[in-house]
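Colleague: Here's my sequence, what's the structure:
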Amino acid sequence: MKLTTFLSLLLLWTIDCGLTASPKPSAKGGATAVQPPNILFIAVDDLRAELGCYGLTPSGAPTGARSGSPHIISPNIDRLAASGTLFNRAYCQQAVCNPSRASALTGLRPGSLRIWDLPTHFRQHFPDIVTLPQHFKQHGYHAENIGKIFHNWRQDEYKGDPDSWSVPAVLHYNTHGADKAIVEGDLPPDLEDTPKCEIRNVPDEAYFDGRIASLAVKALGRLNDAKEPFFLAVGFWKPHAHFNAPKKYWDLYDRDKISPASNPDPPLDVPEIALHDGREIRRDFKKRPGGAPTASDAIALRHGYFAAISYMDAQVGKVIDELDRLGLRENTVIVFWSDHGYHLGEHGLWAKTSNFELDARVPVIIATPNHKPGRRTDALVELLDLYPTLVDLCGLPAPRHKLEGVSLRPLLENPDATVKTEAFTWHPRPAYPPDRQNPTAMGFSMRTNRHRYTEWRDHHSGEIIARELYDHDKDPGETRNLADAPEQSPLLEKLHRRMAKTHP
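Modeller: Numbers count the residues shown, from 1 in each chain. Below is the predicted model:
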């Protein structure tokens with residue numbers, strides 16, 4: 001790093017940042033220099049807010065309780081939550097990989113980016129936009145990507161968005177979700193008959209996430225030796241399907257004790273447009289009755305999803321343990337987040353691409369060296385808030401484009417504070433439009449403290465063609481749409497006006 005760049009970064013950080021830096025021995029041996037905080041940015045795929053440190057009702061809705069989800073074995077992420085702040089009501093901007101990640105990493109809503117599909121890369125519309133890691137790179141950080149951070153499947157020409165990183169991204173996958181086991185010698189047999197599931201007695205490194213963790217551990221050692229601030233982004237695939245964690249993670253759960261979805265039917269009075277075909281899972285079950293998972297298949301899929309969470313959790317633990325072993329934790333901000341949630345048969349849905357709570361709500365944990373540990377907040381936040389939060393925490397100047405999120409630093413300092421009164425998610429219909437630039441309709445969904453309100457609008461005329469309203473105080477599982485109830489008309493109008501401020 002150039003001396004002038006480092007000194008400028010250090011001055012900005014010293015003035016603006018509330019974190020305490022770690023002293024580092026100087027090259028001459030006597031005096032010490034203060035180094036700006038590192039960033040360990042951990043992203044996971046398809047993880048709904050179902051971890052030991054999170055609370056879920058049987059219907060899959062947040063409880064605000066402190067008991068967590070005891071059926072999920074996630075000791076490493078739970079340990080991370082105990083060292084930082086857990087965001088109990090964090091929401092993605094679209095429940096599918098590419099738009100969600102593009103939004104979080106640029107700080108812009110999918111509507112501003114004009115992205116709602118998998119193939120469109122954000123630089124097709126905004127070639128010069130400065131991403132979150134790119135902004136840190138421009139201000140003296142070494143920025144490195146291991147695993148899935150941007151959505152690069154079908155976007156190979158962007159190769160992990162090279163403008164964002166100091167060295168080429170290591171993506172570690174060729175096809176989306178297939179993740180075939182690689183071992184020396186003969187491959188152990190698959191012990192599971194259910195499609196989308198695979199149980200093999202193989203080591204963690206047989207699959208992508210184990211190899212990503214190993215590379216991240218090696219990178220931390222190298223970055224520690226380099227003695228310069230770093231932004232290390234580590235992207236894990238699981239619990240994305242296929243559900244093929246190594247056998248030891250399946251063995252953590254007793255299938256006979258796994259319950260089916262408690263709300264397997266669509267909400268009462270829900271408009272058909274709110275639902276989808278669940279093709280990501282159901283396309284592998286075409287030979288089953290009704291072309292859908294059977295009751296036993298559904299339990300196997302849930303079992304596989306839970307095993308995948310525990311497998312991913314173990315990989316997260318390896319990376320954080322190495323950070324601790326190297327003594328880097330005292331000067332590193334850790335962010336853990338998922339790109340969107342997931343359905344496992346609730347509402348009759350599988351996978352993502354809806355605007356329901358289970359798809360929109362995501363886990364977010366932020367741990368810093370100098371904010372009180374073991375806190376949680378029920379404040380509404382969005383993934384696009386991560387960009388301004390890290391810029392704020394590290395005392396960097398704002399990027400040249402206007403960020404549409406807000407800093408979450410006030411919540412790290414006071415979990416009872418409020419930074420926004422609504423969180424927004426959207427999704428097109430069809431869920432995967434054949435003409436990707438011209439879907440038939442768009443669903444705009446707004447989460448308030450009490451309600452989820454969704455407007456389905458014709459994509460061309462803007463006319464409202466359907467509405468949804470769920471009262472989370474009385475119906476946290478979103479089992480009944482109240483939008484057509486006459487007594488809700490004043491509330492609908494009020495919520496419509498609130499939504500129009502962000503999505504006119």
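Colleague: CA only for contacts and neighbour counts going forward, please
Modeller: Noted.
Colleague: Do a quick rundown of the helices in the protein.
Modeller: Using DSSP state H, the helices found in the chain span residues 3-16, 75-82, 97-106, 110-113, 122-125, 132-138, 208-226, 247-250, 279-282, 295-325, 357-360, 386-393, 409-413, 489-500.
Colleague: distance between the ends of stretch 146-163?
Modeller: One end of stretch 146-163 to the other measures 15 Å (CA to CA, to the nearest Å).
Colleague: What of stretch 131-143?
Modeller: End-to-end distance of stretch 131-143 (CA to CA): 11 Å.
Colleague: quick one: average pLDDT of stretch 418-426?
Modeller: Taken as a whole, stretch 418-426 has a mean pLDDT of 98.
Colleague: which residues are in contact with that stretch?
Modeller: 91-95, 355, 360, 379-382, 406-408, 410-411, 442-449 (CA atoms under 8 Å, 6 or more residues apart in numbering).
Colleague: Out of the helices of the chain, which is the most enclosed?
Modeller: Compared across those, helix 357-360 shows the largest average neighbour count, a mean of 28 (mean count of other CA atoms under 10 Å).
Colleague: how about low-confidence regions in the stretch 401-504 of the chain?
Modeller: Within the stretch 401-504 of the chain, no stretch has pLDDT under 70.
Colleague: Strands of that one, residue ranges please.
Modeller: Taking DSSP state E, counting those that start in this stretch, the strands of the stretch 401-504 of the chain run over residues 423-429, 441-447, 451-458, 464-471.
Colleague: Output those as JSON lines; include the columns distance to residue 262 and mean neighbour count.
Modeller: Below are these laid out as JSON lines (distance: least, CA to CA, whole Å; neighbours: other CA atoms under 10 Å):
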{"stretch": "strand 423-429", "distance to residue 262": "24", "mean neighbour count": "25"}
{"stretch": "strand 441-447", "distance to residue 262": "23", "mean neighbour count": "25"}
{"stretch": "strand 451-458", "distance to residue 262": "20", "mean neighbour count": "22"}
{"stretch": "strand 464-471", "distance to residue 262": "18", "mean neighbour count": "20"}
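Colleague: how about those, which one is nearest residue 259?
Modeller: Residue 259 lies closest to strand 464-471 among these, at 24.7 Å (CA to CA).
Colleague: Which neighbouring elements make contact with the closest one?
Modeller: Other helices and strands packing on strand 464-471, by 3 or more CA pairs under 8 Å, 6 or more residues apart in numbering; DSSP states H and E, are strand 451-458.
Colleague: what angle do the strand it packs on and strand 423-429 make?
Modeller: 30 degrees (axes from the mean of the first three to the mean of the last three CA atoms, to 10 degrees).
Colleague: Against which helices or strands is strand 451-458 packed?
Modeller: The contact analysis (3+ CA pairs under 8 Å, 6+ apart) places strand 451-458 against strand 441-447, strand 464-471.
Colleague: got any ranges where the chain has weak pLDDT?
Modeller: Low-confidence regions of the chain, defined by pLDDT under 70, span residues 1-34, 55-68, 153-158, 173-178.
Colleague: still on that earlier bit, what's the closest of the helices and strands packed on strand 451-458 to residue 337?
Modeller: Counting by CA to CA, residue 337 lies closest to strand 441-447 out of these; the figure is 18.8 Å.
Colleague: so how far is residue 126 from the residue positioned nearest the centre of the chain?
Modeller: Computing the C-alpha centroid of the chain and ranking residues by CA atoms, centre = their mean puts residue 338 first, at 1.6 Å. Residue 338 sits 24 Å away from residue 126, going by CA to CA.
Colleague: before we move on, what about residue 498?
Modeller: Residue 498 is 28 Å from residue 126, where distance means CA to CA.
Colleague: same check, this time on residue 391
Modeller: Distance of residue 391 to residue 126, computed by CA to CA: 21 Å.
Colleague: next one: residue 357
Modeller: 30 Å.
Colleague: now swap in residue 431 and tell me
Modeller: Using CA to CA, residue 431 is found at 24 Å from residue 126.
Colleague: quick one, which of these two is more surrounded?
Modeller: Applying other CA atoms under 10 Å to residue 431 and residue 126 shows that residue 431 carries more neighbours, namely 25 against 11.
Colleague: okay, now the residue nearest to that one when sequence neighbours are not counted: neighbour count?
Modeller: Counting by CA to CA, 6 or more residues apart in numbering, residue 353 is the residue found nearest to residue 431 once chain neighbours are left out, at 6.0 Å. As a burial measure, residue 353 scores 30 neighbours (other CA under 10 Å).
Colleague: Residue 353 reaches residue 97, doesn't it?
Modeller: No. Residue 353 is beyond contact range of residue 97, at 9.6 Å (criterion: CA atoms under 8 Å).
Colleague: OK, contacts around residue 250?
Modeller: Counting by CA under 8 Å, 6+ apart, residue 250 touches 199, 303-304, 306-307.
Colleague: In this structure residue 71 contacts residue 52, no?
Modeller: Yes. Using CA under 8 Å, residue 71 is in contact with residue 52, at 7.4 Å.
Colleague: The two: which is more packed in?
Modeller: More neighbours surround residue 52 than the other of residue 71 and residue 52, with 22 against 13 (other CA under 10 Å).
Colleague: so who does that one touch?
Modeller: Each residue near residue 52 by CA under 8 Å, 6+ apart is listed here: 68-75, 78.
Colleague: how close does it get to residue 86?
Modeller: 12 Å.
Colleague: Same check on residue 112?
Modeller: Distance, residue 112 to residue 86, using CA to CA: 28 Å.
Colleague: Equivalent analysis for residue 242, please.
Modeller: The spacing between residue 242 and residue 86, counted by CA to CA, is 28 Å.
Colleague: For residue 85, which residues are in contact?
Modeller: Contacts here follow CA under 8 Å, 6+ apart; on that basis residue 85 touches 365-367, 372-377, 412.
Colleague: neighbours around the residue nearest to it when sequence neighbours are not counted, how many?
Modeller: Excluding the flanking residues, the one nearest residue 85 by CA to CA, 6+ apart is residue 375, at 4.7 Å. A total of 20 residues lie near residue 375 under the criterion other CA under 10 Å.
Colleague: Likewise for residue 190?
Modeller: Around residue 190 there are 13 other residues, counting by other CA under 10 Å.
Colleague: and residue 105, what does it touch?
Modeller: 131-133, 384, 387.
Colleague: can you count the residues close to residue 238?
Modeller: Using other CA under 10 Å, residue 238 has 26 neighbouring residues.
Colleague: quick one: the closest residue to residue 182 other than its chain neighbours from residue 504, how far?
Modeller: Nearest non-adjacent residue to residue 182, counting by CA to CA, 6+ apart: residue 206, 4.8 Å away. Between residue 206 and residue 504 the computed distance is 48 Å (CA to CA).
Colleague: My read is that residue 273 contacts residue 431, right?
Modeller: No. Under the criterion of CA under 8 Å, residue 273 makes no contact with residue 431, lying 9.6 Å away.
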